[in-house]
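> Build me a model:
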Amino acid sequence: MFYQDVFKAFDKRKIKYVVIGGIAINLHGAPRMTSDLDILADLNKENLSLLLETLKELGYCPRLPVSPMELLDPRIREEWKKEKNLKAFTFYHPKIQYQEVDLLLESPLSFDEINREKTIVEAESTHIPVISIEHLIEMKRRTGREQDEADVQVLEKIRKIESREKKNG
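Alright, predicted model coming up:
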């Protein structure tokens, strides 16, 4: 599985994050081509510091020519969002070209709200927190992108199937 090293390290270190985006759709059971791992994390200093250290130890580098440790300062994050329209901070892996981790800096829903209703997917004894289908649909509807509209249709089908399965026991 792509990003198994990230999931294992985050799980081991109890980093507070939730998988969103294309990989979340995959983890909910729908095939979706994507290569980047989109995450929303608790941006408190302790959690974010641990997340950044972990990505560095795994070999990930920031796409932008800045120190990722600057993300620890909420004022700098706000400045980047306003002045550079930065919605996500991207980390790439120089040895595994297709692997990127996008840390969402701006979300229409709070981390706490998404985290409360997350789903846990277990893969190879690793717990992977995944955004709920309902919240993922809500986030995707707000973007207005064609791909996101297609994702919403697939997610709604999955939701209907799961609802029927619950009714039938």
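> Convert stretch 160-169 to PDB, retaining C-alpha atoms only.
Provided in PDB are the C-alpha atoms of stretch 160-169 (Å, rounded to 0.1, in the frame of the first residue of the first chain):
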ATOM      1  CA  LYS A 160     -26.300   4.000   0.000                       C
ATOM      2  CA  ILE A 161     -24.700   0.600  -0.100                       C
ATOM      3  CA  GLU A 162     -23.500   0.900   3.500                       C
ATOM      4  CA  SER A 163     -26.900   2.100   4.600                       C
ATOM      5  CA  ARG A 164     -28.600  -0.900   3.000                       C
ATOM      6  CA  GLU A 165     -26.100  -3.300   4.600                       C
ATOM      7  CA  LYS A 166     -26.800  -1.800   8.100                       C
ATOM      8  CA  LYS A 167     -30.500  -2.200   7.600                       C
ATOM      9  CA  ASN A 168     -30.100  -5.800   6.500                       C
ATOM     10  CA  GLY A 169     -27.900  -6.500   9.500                       C
END
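> Give me the mean pLDDT for that stretch.
Taken as a whole, stretch 160-169 carries a mean pLDDT of 78.
> For it, buried residues please.
By neighbour count on 16 or more other CB atoms under 10 Å, the buried set for stretch 160-169 is empty. All C-beta atoms are positioned from the backbone trio N, CA, C, and that covers glycine.
> for stretch 59-73, same thing?
Neighbour-count burial for stretch 59-73 flags 60, 62, 68, 70-72 (criterion: 16+ other CB under 10 Å).
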